[in-house]
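Peer 1: my questions concern the predicted model and sequence given below.
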Amino acid sequence: MQNRNSTATNTLGKPFVAATTSRRPFLEIKDVTKVYPTKKGPFTVLDGVNLNVEQGEFICVIGHSGCGKSTLLNMVSGFNFPTSGQVLLEGEPITKPGPDRMVVFQNYALLPWRTAFENIYLAVNAVYPNKPQAEKRAIVRDHLAMVGLADAMEKKPMQMSGGMRQRVSIARALAIRPKVLILDEPFGALDAITKEELQEELLKIWGDNRCTVLMITHDIDEALFLADKLVMMTNGPHAKIGEVMEIPFSRPRDRSRIMEDPQYYQLRNYALDFLFNRFAHDDVG
Ligand SMILES: Nc1ncnc2c1ncn2[C@@H]1O[C@H](COP(=O)(O)OP(=O)(O)OP(=O)(O)O)[C@@H](O)[C@H]1O
């Protein structure tokens, strides 16, 4: 495993400080219950969810459709709130969305009439209005280059492939320098080859930046390639975290090397058994 207790430099030449050992978890989800009011009465989606996340960890969350994964991560992004319990970032309750927690959705959420450059610039300008314009433009260019889109900055979303659009979304989120990057099935709409390419890029960027990542996926192989831990949720209603699987593969990760490791299949089978035997569900993700 990598040493997280050191200062290093990322690809943009800016220093970052990785997590130091601390008793207080970076992100705490404490006994969270979420009840939605519905026409048929209260609907308890999450019931007693507890999770501690360390700074710089890469966490994947898996569970059947409708178990409450987005509900849970929306509480970290600040778009949703627990009915009871608490979500704390660095000890402070999350009360609203903020630039320290950026979200990337499956459907890109880019402004269609703006270029890749403009989409990112607008976000950077909104969060850092007082930075000199030249610096903001440099941040945009650096982040487009980071996701391999230096030559596509003048393209509008309609002129880009799904993979390119998702690269812009990821670059836009990272350009804000969030503490937490929240990815809600970011590669779900992409073909297999593009998905693998973006997984590799995401890992490289995360290796360089080391923000904390929370990512929803339906793909066990994706989780085993990317994550430090796989959070497996039980079915809703009243969903909980069933188990948290530690993913022990050393970094930087090489997909073919991991897949030759007998442990890979043990972990994969364990997660499959969790999802399709122990917590089987008609609506398979
Ligand atoms: N605002 C709301 N009011 C009532 N019910 C809601 C609301 N938002 C979500 N739900 C319900 O809560 C449950 C969990 O939804 P959520 O989107 O969090 O699940 P999910 O695990 O992310 O699903 P998927 O994998 O399909 O995206 C679902 O049954 C959904 O219909």
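Peer 2: Looks like it came in fine.

Peer 1: give the next helix or strand downstream of the helix or strand Val124 falls within.
Peer 2: Val124 is part of helix 116-127, with elements assigned from DSSP states H and E. Under the assignment DSSP H and E, the closest C-terminal helix or strand after helix 116-127 is helix 133-146.

Peer 1: what angle separates that following helix from helix 116-127?
Peer 2: Comparing the axes of helix 133-146 and helix 116-127 via axes from the mean of the first three to the mean of the last three Cα atoms, to 10 degrees yields an angle of 130 degrees.

Peer 1: other SSEs contacting helix 133-146?
Peer 2: helix 116-127, helix 162-175 (3 or more Cβ pairs under 8 Å, 6 or more residues apart in numbering; DSSP states H and E). C-beta here means a position set from N, CA and C on the backbone, and glycine is covered the same way.

Peer 1: please identify the most buried of the ones you listed.
Peer 2: Highest mean neighbour count among these (mean count of other Cβ atoms under 10 Å): helix 162-175, with a mean of 24.

Peer 1: quick one: contacts of that helix?
Peer 2: 102-105, 108-110, 116, 119-120, 123-124, 139-140, 143-144, 146-149, 152, 155, 157, 160, 181, 186-187, 189-191, 194, 197-198, 201-202, 205, 209, 211 (Cβ atoms under 8 Å, 6 or more residues apart in numbering).

Peer 1: all strands of the stretch 151-285 of the chain, in order?
Peer 2: 180-184, 212-216, 229-233, 241-246 (DSSP state E, counting those that start in this stretch).

Peer 1: and these as a markdown table, adding mean pLDDT, distance to Leu267 and mean neighbour count?
Peer 2: Supplementary listing: the strands of the stretch 151-285 of the chain in a markdown table, determined by pLDDT from 0 to 100; distance: least, Cβ to Cβ, whole Å; neighbours: other Cβ atoms under 10 Å:
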| stretch | mean pLDDT | distance to Leu267 | mean neighbour count |
| --- | --- | --- | --- |
| strand 180-184 | 95 | 21 | 23 |
| strand 212-216 | 97 | 17 | 24 |
| strand 229-233 | 97 | 8 | 22 |
| strand 241-246 | 96 | 6 | 15 |
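
Peer 1: that older thread, could you give the mean pLDDT of the helix holding Val124?
Peer 2: Averaged over helix 116-127, pLDDT sits at 96.

Peer 1: quick one: low-confidence ranges for the stretch 1-150 of the chain?
Peer 2: 1-23, 108 (pLDDT under 70).

Peer 1: so which bits of it are right by the ligand?
Peer 2: By Cβ under 6 Å from any ligand atom, the residues of the stretch 1-150 of the chain that approach the ligand are Tyr36, Thr38, Phe43, Val45, Gly63, Ser65, Gly66, Cys67, Gly68, Lys69, Ser70, Thr71.
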